[in-house]
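>>> below are the sequence and a predicted model for it; my questions follow.
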Amino acid sequence: MAKKLTMKGLFKPKARSPLELVKHTHELLMFLDRNMDAREQKRKEKMDELSKAILEIRTVLYGDEESEPNKDSCAQLTQEFFRGDTFRLLIVCLPKLNLGARKNTTHVIANLLRQRVQSQLLALEYLEKNIDLMDILIKGYEDSGDVALSYGAISRECIRHQNVARYVLESDHMKKFFDYIQTPNFDIASDAAATFKELMTRHKSTVAQFLSKNYEWFFQEYNSQLLESSNYITKRQAIKLLGDVLLDRSNSAVMVQYVCSLDNMRILMNLLRDPKKTIKLETFHVFKLFVANQNKPPEIVNVLITNRTKLLRFFDDFTIEKEDEQFETAKADVINEISVLEPKPKISSILSFRNNCEVKC
């Protein structure tokens, strides 16, 4: 038996070197990309071969049960991937792969994007020279299948790099995100929302510049499509994200501009009427910014005074399930601020909270 096992080991295929492995994968991807009309059997054979190659690449990068990844092998593989444009081919051909290969490919790409070779992040330089890859990845949300989820996961890895995130923020893709987030497919909508959140929160200075330049159209779309959405999850995520963005110090100028808008406050007052307590709580964290603003425009002051009785009654009865000292303090501050407001010169039109945004107490 021992002799048989030894003989069997002699005929075990020799593992490919990282360079051979990438070259082989590149050739298989080229075949799939260019031979759409190839015989079904031939395509299946190539696909099976490619799936094995991608799994082998994943093993090199992540290791397996028997061994940890080898640093030199990872470096060689990473260099070859970006040198020969195999990275681009892998993204372009992703929709043609089977589910298992797509999952492994997503892990491979995530690793390559973070892999350092001699302290250099090769992925960043490559992405900056091939920034159009982000057009392919973001447009993946227009696919109705699970390809959208793979492209979404890769997109989030790419926008970890500030220059890549800046490109997406300054592109027309940002306007399309409002549609992606509201797509009927729950998984795709949730994934798009996750990518959108990553774009709006990861790189503080870049986000602040984007919001400053695009304030008008961005918040018009954000308010009308997300905050006023009929979908509970869309609305809840949008309010939470709005609070995170406005409360970030980098966005202080944008926050002041936002809370000086009567139209914005009208939307928040409407949201306080929502039957869902989670919506009310997230709304409160944004609404308190309007009240705390020490330079409230006259129209906002007058609206708060006009609706003082109902607002005070609402906040007096507004509680949360768990004891939260910070929440109670913030609520007390809001109640006190509204209580002592003094009228300012009247404006031509005043929003009536009583008529249009009555709080259900």
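Great, that's in hand. Residues are numbered from 1 along each chain as shown.
>>> distance from whichever helix in the chain runs longest to the middle of the chain?
Counting by DSSP state H, the longest helix found in the chain is helix 40-62. Centroid separation between helix 40-62 and its chain, computed with CA atoms, centre = their mean, to the nearest Å, is 30 Å.
>>> pLDDT weak spots in the stretch 251-361 of the chain?
345-361 (pLDDT under 70).
>>> how about 50 then?
347-361 (pLDDT under 50).
>>> that one: helices as residue ranges?
Under the criterion DSSP state H, counting those that start in this stretch, helices of the stretch 251-361 of the chain are mapped to 252-259, 262-271, 277-292, 298-306, 308-317, 325-339, 353-356.
>>> for Met30, find the nearest of those.
helix 252-259 (46.9 Å; CB to CB). Yep, even glycine has a C-beta here, placed from its N, CA and C like the rest.
>>> residues making contact with the closest one?
208, 211-212, 215, 219, 245-247, 264-265, 289-290, 293, 295 (CB atoms under 8 Å, 6 or more residues apart in numbering).
>>> tilt between that helix and helix 298-306?
Angle, helix 252-259 to helix 298-306, by axes from the mean of the first three to the mean of the last three CA atoms, to 10 degrees: 60 degrees.
>>> from here on, call the first residue 270.
All right, first residue 270 from here; so that's helix 521-528.
>>> chain center to helix 521-528: distance?
Distance, centroid of helix 521-528 to centroid of chain: 22 Å (CA atoms, centre = their mean).
>>> angle of it against helix 531-540?
Going by the same axes, to 10 degrees, helix 521-528 makes 70 degrees with helix 531-540.
>>> got CSV for the helices of the stretch 520-630 of the chain, with mean neighbour count too?
Output for the helices of the stretch 520-630 of the chain, formatted as CSV (neighbours: other CB atoms under 10 Å):
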stretch, mean neighbour count
helix 521-528, 17
helix 531-540, 19
helix 546-561, 19
helix 567-575, 19
helix 577-586, 15
helix 594-608, 13
helix 622-625, 14
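>>> could you dump those to TSV with distance to Ile457?
What follows is the helices of the stretch 520-630 of the chain, written out as TSV (distance: least, CB to CB, whole Å):
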stretch	distance to Ile457
helix 521-528	29
helix 531-540	25
helix 546-561	23
helix 567-575	38
helix 577-586	37
helix 594-608	34
helix 622-625	35
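>>> among these, which comes closest to Thr503?
With CB to CB, the closest approach to Thr503 among the helices of the stretch 520-630 of the chain belongs to helix 546-561: 11.0 Å.
>>> and the contacts of that closest one?
For helix 546-561, the external contacting residues (CB under 8 Å, 6+ apart) are 501, 504-505, 508-509, 511-512, 515-516, 524, 527-528, 533-534, 537-538, 540-541, 543, 565, 569, 573, 587, 589, 599-600, 602-603, 606-607.
>>> do the same with stretch 365-385
Stretch 365-385 is contacted from outside by 301-302, 316, 319-320, 323-324, 326-327, 330-331, 343-344, 347, 350-351, 356, 359-360, 363, 390-392, 415-416, 419, 422-423, 426-427, 429-430, using CB under 8 Å, 6+ apart.
>>> of the residues you listed, which belong to strands?
Using DSSP state E, the subset of these located in strands is Leu390.
>>> for PyMOL, what selects the buried ones among the contacts of stretch 365-385?
Selection of buried members from these for PyMOL, criterion 16 or more other CB atoms under 10 Å:
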select buried, resi 301+316+319+320+323+326+327+330+343+344+347+350+351+356+359+360+363+391+392+415+416+419+422+423+426+427+429+430
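>>> wait, His293 sits on Arg285?
Yes - using CB atoms under 8 Å as the test, His293 is close enough to Arg285 to be in contact (6.6 Å).
>>> residue contacts, the residue positioned nearest the centre of the chain?
The centroid of the chain falls nearest to Thr464 when counting by CA atoms, centre = their mean (1.6 Å). Contacts were defined as CB under 8 Å, 6+ apart; by that measure Thr464 touches 407, 421, 424-425, 428, 446.
>>> which element is it on?
In this assignment (DSSP states H and E), Thr464 forms part of helix 455-470.
>>> and that helix, how far out from the chain's middle?
The chain centroid and the centroid of helix 455-470 are separated by 4 Å under CA atoms, centre = their mean.
>>> how about that helix, which residues are buried there?
Of all the residues in helix 455-470, those buried under the rule 16+ other CB under 10 Å are 457-469.
>>> now do Lys272, the pLDDT please.
Lys272 is assigned 49 on the pLDDT scale.
>>> let me fix that, I meant to ask about Thr355.
For Thr355, pLDDT reads 92.
>>> that one contacts His295, doesn't it?
Yes - using CB under 8 Å, Thr355 is in contact with His295, at 4.6 Å.
>>> of the two, which one has the most company?
Of the pair Thr355 and His295, Thr355 is the one with more neighbours under other CB atoms under 10 Å, namely 21 against 18.
>>> let me see the contact set for the more buried one.
291, 294-295, 298, 349.
>>> again, only this time at 6 Å
Thr355 makes contact with 291, 295, according to CB atoms under 6 Å, 6 or more residues apart in numbering.
>>> which one is Ile405 nearest to, not counting chain neighbours?
Among residues not flanking Ile405 along the chain, Ile360 sits closest, at 6.1 Å (CB to CB, 6 or more residues apart in numbering).
>>> quick one: the one you found and Leu366, what's the gap?
Distance from Ile360 to Leu366, counting by CB to CB, to the nearest Å: 11 Å.
>>> how about Phe488?
From Phe488 to Leu366 the distance is 39 Å (CB to CB).
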